[in-house]
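**Q** Mind folding the following:
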Amino acid sequence: MKIRGKYGKTGAISFEKGKINQEYSYIKRNINLLNPGKVIEEYINALFCFLWTIICSVKDMLLMYRDDIKKVLYRNMLKMNLAEKPNNLNKINENTKTKPSLSRKNAGNNWQNAQTTVSAHAKPGKKGCITKYIAIDCEMVGIGRYGQNDMLARVSLVNQKGEVLLDKFVKPIEPVTDYRTEVSGIRPHDIQNAENFLKVQHEVLKIIEGNILVGHSIAKDLSVLRIKHPHKNIRDTAKYRPLAKLVSRGGTPSLRTLSKSILGLDIQNGEHDSTEDARATMAIYNRVSAEWEKHIKRREQRHKSNHHKHGHGHGRKT
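**A** Alright, predicted model coming up:
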């Protein structure tokens with residue numbers, strides 16, 4: 001299609017339709033370039049869209065990995081807290097220095113008459129005062145046909161400062177078939193004339209009543225003592241998940257592993273000492289007590305909130 005202008009007689013100017021459209025677009029772009037305000041506005045809009053896209057992507061990523069981020073942050077915070085607090089148990093055995101122990105294997109057939117280590121018997125002295133937090137640890141011997149069942153042989157209680165509140169050998173109420181000396185450190189003469197089980201049980205109950213009990217795998221200790229303690233007043237270092245994740249990747253950590261990682265102390269090298277173990281457990285709790293108690297309070301608040309909502313949900317209008 002051709003278009004002739006009014007000056008066609010002299011010059012016959014003709015344009016194709018496509019060429020006119022191209023020239024119109026070119027002129028329009030030139031006009032936009034001549035209008036800097038509009039150009040800047042377009043660039044700002046493009047920049048805003050780009051930034052908004054990045055923000056949305058970051059938000060989606062954080063929501064996707066928020067649980068992992070929380071774990072990492074909490075783990076780093078816990079490590080910082082442990083690094084800031086001084087080691088108060090460098091002298092954990094200051095008052096109970098041990099002589100070289102004579103294990104059953106080294107003692108041979110005369111192991112029953114072997115000399116008892118000094119650490120197995122806490123030194124007599126002034127007892128510490130009862131505090132709100134009390135750590136417990138028990139040593140057990142085996143009963144039953146093959147010695148597979150546990151029986152209390154020694155119990156130790158220490159206060160929050162690590163001072164001994166109670167440390168007693170207990171006379172078993174059933175025949176002992178395995179003294180487990182290599183681990184328990186218990187020998188026949190330790191418990192042959194020891195104190196009555198019920199008497200020691202009563203003393204333990206009197207000390208821990210109304211207080212918070214700290215221990216490692218504390219259910220075993222309470223089981224052999226044949227006592228119960230309110231669940232809300234128990235702090236079990238074997239079941240506190242942040243410690244487990246920090247030390248053993250979520251598995252149940254041993255007291256020896258926790259002591260080495262948290263306190264920098266080597267314990268339970270050979271025969272165990274219930275007083276030493278109780279002190280180590282209390283020291284571990286003291287290191288993480290602030291975060292632990294906050295964790296418990298948050299859990300209680302969530303429980304109360306859920307209970308409150310549940311109660312209102314089933315309520316009826318009158």
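
**Q** Please count neighbours and contacts with C-alpha atoms only from this point.
**A** Will do.

**Q** And the contacts of stretch 226-241?
**A** 201, 205, 211-218, 222, 243-244, 250, 252-255, 281, 284-285 (Cα atoms under 8 Å, 6 or more residues apart in numbering).

**Q** got the buried residues for that stretch?
**A** Residues His229, Ile234, Arg235, Asp236, Thr237, Ala238, Lys239, Tyr240, Arg241 are the ones in stretch 226-241 that count as buried (16 or more other Cα atoms under 10 Å).

**Q** Now do the end-to-end distance for it.
**A** Using Cα to Cα, to the nearest Å, one end of stretch 226-241 lies 26 Å from the other.

**Q** among the contacts of stretch 226-241, which ones are buried?
**A** Among the contacts of stretch 226-241, those classed as buried by 16+ other Cα under 10 Å are 201, 211-218, 222, 243-244, 252-255, 281, 284-285.

**Q** From those residues, which land in helices?
**A** Judged by DSSP state H, the subset of the buried ones among the contacts of stretch 226-241 located in helices is Gln201, Ile218, Leu222, Leu243, Ala244, Leu255, Thr281, Ile284, Tyr285.

**Q** Quickly name whichever of these is closest to Thr275.
**A** Closest approach to Thr275 among those (Cα to Cα): Thr281, at 9.9 Å.

**Q** Dig out what the nearest residue to that closest one once chain neighbours are set aside forms beta bridges with.
**A** The shortest distance from Thr281 to any non-neighbouring residue, by Cα to Cα, 6 or more residues apart in numbering, is to Gly215 (6.1 Å). For Gly215, the beta-bridge partners are Asp236 (DSSP bridges).

**Q** sec struct for the closest residue to Ile207 other than its chain neighbours, please.
**A** Leaving out its chain neighbours, the residue that sits closest to Ile207 by Cα to Cα, 6+ apart is Ile130, at 7.2 Å. Put simply, Ile130 is coil when judged by DSSP: H, G, I helix; E, B strand; the rest coil.

**Q** tell me the domain boundaries of this structure?
**A** 15-66, 85-310 (automatic domain parsing).

**Q** Please work out which of those is packed deepest.
**A** domain 85-310 (a mean of 17; mean count of other Cα atoms under 10 Å).

**Q** what's in contact with stretch 212-224?
**A** 132-138, 140, 150-152, 228-229, 233-239, 255, 278, 281-282, 285.

**Q** let's see it at 6 Å
**A** With contact meaning Cα atoms under 6 Å, 6 or more residues apart in numbering, stretch 212-224 is reached by 133-136, 138, 151-152, 233-238.

**Q** Dump the residues you listed to a markdown table, plus secondary structure and distance to Ala194.
**A** Below are the contacts of stretch 212-224 laid out as a markdown table (DSSP: H, G, I helix; E, B strand; the rest coil; distance: Cα to Cα, whole Å):
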| residue | secondary structure | distance to Ala194 |
| --- | --- | --- |
| Tyr133 | strand | 27 |
| Ile134 | strand | 23 |
| Ala135 | strand | 22 |
| Ile136 | strand | 19 |
| Cys138 | strand | 15 |
| Met151 | strand | 14 |
| Leu152 | strand | 11 |
| Asn233 | helix | 30 |
| Ile234 | strand | 28 |
| Arg235 | strand | 29 |
| Asp236 | strand | 28 |
| Thr237 | coil | 30 |
| Ala238 | coil | 30 |
